[in-house]
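> requesting a structural model of the entry that follows:
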Amino acid sequence: ARTHEINLSPKSCYLISEICGNNLSLIDNEFSKLELNLNSNNEVDEEVILETFGINKQYNIFELQNYYGKRKLKKVIEISEYFSGNNKNYPIQLVLASLYSYYQKIFQIQSLKNQSKSLISKEIGINPYFLDQFMFSAQKINMKESVRILAAIKKFDLKSKGIEGINDDSSLLKQLALEILT
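I've put the predicted structure just below:
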């Protein structure tokens, strides 16, 4: 971002890291696109990132995680159906990996109970800006439930790869939502 003279908020950094991972050439390419959308302060907000990176504002992995955390089955199903219909942009393995990472962080927060927010943030590698959202989700379920959810995501990952039976990819995310949230 400094090379491209772009100022990013913590949420913007998080979005970019979740979208691009550690692929530096992809990140550099996306920053080149972002340069075209800079405001007078060279700041790029979440809206510009979502637009530039081609992510649907209403249906994206971050919103899916958010609704899982809030345990809103109707919205999770709605987004899951959108992903299933757009599996080229949202491959099921990518969605499952993101959900697994999300719930793994929740489990880690639960295992670090009675610790300070700064220690939890440092240990898990969550930006303090997002920690409250994760902690809220961690309070909605217990550790036993977290383990069950992680196992369910693994099971559906195997199904998506044709192991443990053949399933229709278009319904796997919906089935996972029902298994996790009911």
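> show me where this structure has helices.
Secondary structure of the chain, counting by DSSP state H: helices at 10-20, 24-35, 46-52, 61-70, 73-85, 92-111, 117-124, 128-140, 143-160, 169-181.
> roughly how far apart are the residue sitting furthest away from the middle of the chain and Asn7?
What lies farthest from the middle of the chain is Ser40; by Cα atoms, centre = their mean that is 30.1 Å. Per Cβ to Cβ, to the nearest Å, Ser40 is found 11 Å from Asn7. From N, CA and C alone the C-beta is placed, and that goes for glycine too.
> for Asn37, same thing?
Taking Cβ to Cβ, one finds Asn37 at 13 Å from Asn7.
> show me the shaky parts of this protein.
21, 39, 54-57, 165-169 (pLDDT under 70).
> on that earlier part again, quick one: which of the helices of the chain is nearest Ala1?
helix 24-35 (6.6 Å; Cβ to Cβ).
> what helices and strands are in contact with the closest one?
When contacts are defined as 3 or more Cβ pairs under 8 Å, 6 or more residues apart in numbering; DSSP states H and E, helix 24-35 packs onto helix 10-20, helix 46-52.
> so it versus helix 10-20, what angle?
Angle of helix 24-35 versus helix 10-20, following axes from the mean of the first three to the mean of the last three Cα atoms, to 10 degrees, is 130 degrees.
> what are the buried residues along helix 24-35?
27, 30-31, 34 (16 or more other Cβ atoms under 10 Å).
> correct me if wrong: Ile16 contacts Ile49.
Yes: between Ile16 and Ile49 there is a contact at 6.5 Å, judged by Cβ atoms under 8 Å.
> those two: which is more packed in?
Neighbour totals were compared for Ile16 and Ile49, and Ile49 leads with 23 against 20 (other Cβ atoms under 10 Å).
> ok, now which ones touch that one?
12, 15-16, 19, 34, 55 (Cβ atoms under 8 Å, 6 or more residues apart in numbering).
> ok, so of those, who is nearest Thr182?
Ile55 (28.1 Å).
> the residue lying closest to Leu94 once chain neighbours are set aside - how many residues pack around it?
Using Cβ to Cβ, 6 or more residues apart in numbering and skipping the chain neighbours, the partner closest in space to Leu94 is Ile61 (7.8 Å). Applying other Cβ under 10 Å, we find 20 residues neighbouring Ile61.
> now the one 5 residues further on
Applying other Cβ under 10 Å, we find 17 residues neighbouring Asn66.
> identify the residue nearest it in space, chain neighbours excluded?
Leaving aside its sequence neighbours, Asn66 sits nearest to Gln133 (Cβ to Cβ, 6+ apart; 7.2 Å).
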